[in-house]
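Student: Sequence plus predicted model, see below.
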Amino acid sequence: MTDLLISPQDQERPTGPFLVPDRLGRAALRALAAHSLEVIQAGQAQSGALIACPTFSVYRYSWLRDGSFCAHALDRIGQPGRSAAFFRWIGRTLAQQEAKVQKALDRYQAGEQLAAADFLNTRYTLDGKEETGDIEWWNFQLDGYGTWVWALGEHLRRSPDEKLREELRPAVELTARYLSAFWQLPNYDCWEENLNDVHPATLAAIYGGLVAAFKLYPDSPVCQAAKKEASAIRRLVKARGLNQGSLVKSFGREDVDASLLGAGVPYGLLPVRGKIMKTTLDRIASELVAPDGGVYRYLKDVYYGGGEWLLLTGWLGWYYAGSGQRGKAHECLQWIARQALPNGDMPEQVAHHLLAPEHRQPWEERWGLSASPLLWSHAMYLILYTTLYGEGHI
Ligand code: BGC
């Protein structure tokens, strides 16, 4: 991206009623869940788009990845109207991208070399447009396109709605054609890094989306073909994405990334309690969990000094709950809750045990404080909260 210098955020952190003790009782956890819902609702535009973070300048867009997890959280707490509005926003947004996708597919088939800008964007303005102006974002990322279809599948499973399903058929088919054609290409990972690598975590999200596409529209030839691609993804990850029995961050690397949890929960690329995921989980738990229980992205992370991410700690808890380790899942929920600011807002990350502390000051001089409230942090809190305490309402 361009070397955009923005003025630092308001350095004052908000005050409020949430004084967080070491161990939170059920009422305090519930209050944070209620606040999380409010934050996500407040971050939804009239259009249905969900902003990544309302106070952090470069996050004032709607990401397919972040928004889909927020929509899933809304589904879990009985707000299907809100999540449907997000999916409809995606449907309208992608309808405007059809010509771009067709052109990329045609050129690719003709053997032409495509540039990153020829692919779909990773985020859109709240009214569903590609951003214009001087920001050049790390746009070629495929995972969010898998994630939204996975989330739509979860939505319609919980809240069957034939009208919505038919309304979104063109957007899902467009996405399925796009992902089926391009999944093997290197693209930015979910942290918007490493353009030249192929990432098993990204492939897992694509897998989840393609399988969901087929389940949603089994009669669609495009979605039938997508299912075959999904099987090919699994084969390739098993052939090239492992090191000593564990998934790796990217093909050819040996380290792990916490986003690999997605290969088990929620995308189901590999069995949650199977050998590969168990080995991967063990590595993530032993290498990427800080002394206080928060989760890093990967060991060499220097962004913001390499902090602990609330959303990843929620993800780890979600995984633990899915593999029958509920005690550990509760610890993850407690840890996230302890990171809430006095007004209940949850930041992207915290700096208690930075991996690369020398990078923090230059980061803060450039960007300000860690983005807060980050809607995706709140979404993962809600997903874990509802996993542990039940879906439906707070
Ligand atoms: C993260 C992405 C995220 C985006 C918006 C970036 O810093 O790396 O994963 O989608 O912020 O929250």
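Tutor: Perfect, I can see it now.
Student: how close does residue 145 sit to the ligand?
Tutor: 13 Å (Cβ to the nearest ligand atom, to the nearest Å). For glycine as for every other residue, the C-beta is placed from the backbone atoms N, C-alpha and C.
Student: doesn't residue 180 make contact with that residue?
Tutor: No: applying Cβ atoms under 8 Å, one finds residue 145 not in contact with residue 180, separated by 10.9 Å.
Student: between these two, who's got more neighbours?
Tutor: Neighbour tally, residue 145 and residue 180, criterion other Cβ atoms under 10 Å: the higher count belongs to residue 145, 29 against 22.
Student: Test my guess that residue 147 contacts residue 68.
Tutor: Yes: counting by Cβ under 8 Å, residue 68 is a contact partner of residue 147 at 4.4 Å.
Student: name the element the nearest residue to residue 344 once chain neighbours are set aside belongs to?
Tutor: Using Cβ to Cβ, 6 or more residues apart in numbering and skipping the chain neighbours, the partner closest in space to residue 344 is residue 35 (3.6 Å). Take DSSP states H and E as the rule and residue 35 turns out to sit in helix 26-42.
Student: Just list what that helix packs against, helices and strands only.
Tutor: helix 64-76, helix 326-339, helix 375-389 (3 or more Cβ pairs under 8 Å, 6 or more residues apart in numbering; DSSP states H and E).
Student: I'd like the distance from that helix to the chain centre, please.
Tutor: Here helix 26-42 shows a centroid-to-chain-centroid distance of 20 Å under the convention Cα atoms, centre = their mean, to the nearest Å.
Student: List the buried residues for it?
Tutor: With burial defined by 16 or more other Cβ atoms under 10 Å, the residues of helix 26-42 counted as buried are 28-29, 31-33, 35-37, 39-40.
Student: what residues are up against the residue of the stretch 251-394 of the chain found nearest the ligand?
Tutor: The minimum distance from the stretch 251-394 of the chain to the ligand, using Cβ to the nearest ligand atom, falls at residue 376 (5.5 Å). By Cβ atoms under 8 Å, 6 or more residues apart in numbering, the contact list for residue 376 reads 52, 65-66, 69-70, 311, 348.
Student: Redo those residues as JSON lines? Include neighbour count.
Tutor: Output for these, formatted as JSON lines (neighbours: other Cβ atoms under 10 Å):
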{"residue": "52", "neighbour count": "22"}
{"residue": "65", "neighbour count": "22"}
{"residue": "66", "neighbour count": "27"}
{"residue": "69", "neighbour count": "27"}
{"residue": "70", "neighbour count": "32"}
{"residue": "311", "neighbour count": "26"}
{"residue": "348", "neighbour count": "22"}
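Student: if we can go back for a sec, just want the angle from the helix holding residue 35 to helix 326-339.
Tutor: 60 degrees (axes from the mean of the first three to the mean of the last three Cα atoms, to 10 degrees).
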